[in-house]
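Colleague: pasting the structure only:
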């Protein structure tokens, strides 16, 4: 297992969102190891993206987007869900992050199912809130360095041959940006 280095995330946010497809999230929970291949992501920029949390500059919630690349940006939404992002941006940009929307579970599937209430495997991690619930990612992971071998990291995987790009999910601003990426079929 080769953990992705900080330099991987120090590129244009949209490029990193595409390049994360096929990579693996690894989560250690106690003595259990959970992992899955990233199959869907979304890029969020800064002043070039009205849908981004960083669009109006730094807040307590989004400050991770302005800090070192390769760090986790986890936020609470709708009063009940967590979403997991990776801070990523080109060196001359002030902020950016990639939302990890879905994974294909690989290791620890039974534990993930238990975390999700024994949900069917097809519906286990096909959304950012389901993903964080299955992998036990919470606000305690905000600011975690994903480039280190710790309880949460991202490792190399493969580069998919076909990637589809579309509008991001659930936004009302900057809908013209095709910054949602999925491994194509």
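Modeller: Looks like it arrived, so ask away. Not measured: the values here are computed from a predicted model.
Colleague: Helices along the chain, start to end?
Modeller: Along the chain, counting by DSSP state H, helices occupy 6-9, 13-19, 109-115, 128-134.
Colleague: And for the last one, what's in contact with it?
Modeller: For helix 128-134, the external contacting residues (CB atoms under 8 Å, 6 or more residues apart in numbering) are 34, 36, 74, 77, 80-84, 99-103, 105, 112-113, 115-116, 119, 123-125, 137-138. (Each C-beta comes from the backbone N, C-alpha and C, glycine too.)
Colleague: mean confidence for it?
Modeller: For helix 128-134, the mean per-residue pLDDT is 89.
Colleague: could you say what helices and strands the helix or strand of the chain with the lowest mean pLDDT packs with?
Modeller: In the chain, no helix or strand scores lower on mean pLDDT, DSSP states H and E than helix 109-115, which sits at a mean of 80. Helices and strands touching helix 109-115, by 3 or more CB pairs under 8 Å, 6 or more residues apart in numbering; DSSP states H and E, are strand 32-44, helix 128-134.
Colleague: Between these, which one is closest to residue 52.
Modeller: strand 32-44 (4.1 Å; CB to CB).
Colleague: Please point out which parts of that closest one sit buried.
Modeller: Buried residues in strand 32-44, counted by 16 or more other CB atoms under 10 Å: 34, 35, 36, 37, 38, 39, 40, 41, 42, 43, 44.
Colleague: Tell me who's in contact with the residue nearest to the spatial centre of the chain.
Modeller: Ranked by distance to the mean C-alpha position of the chain (CA atoms, centre = their mean), the top residue is residue 100 at 2.6 Å. Contacts for residue 100 (CB under 8 Å, 6+ apart) come out as 20, 25, 38, 40, 41, 84, 85, 86, 128, 131.
Colleague: could you dump those residues to a markdown table with distance to residue 161?
Modeller: Converted to a markdown table, the contacts of residue 100 look like this (distance: CB to CB, whole Å):
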| residue | distance to residue 161 |
| --- | --- |
| 20 | 16 |
| 25 | 21 |
| 38 | 15 |
| 40 | 16 |
| 41 | 17 |
| 84 | 26 |
| 85 | 26 |
| 86 | 23 |
| 128 | 25 |
| 131 | 24 |
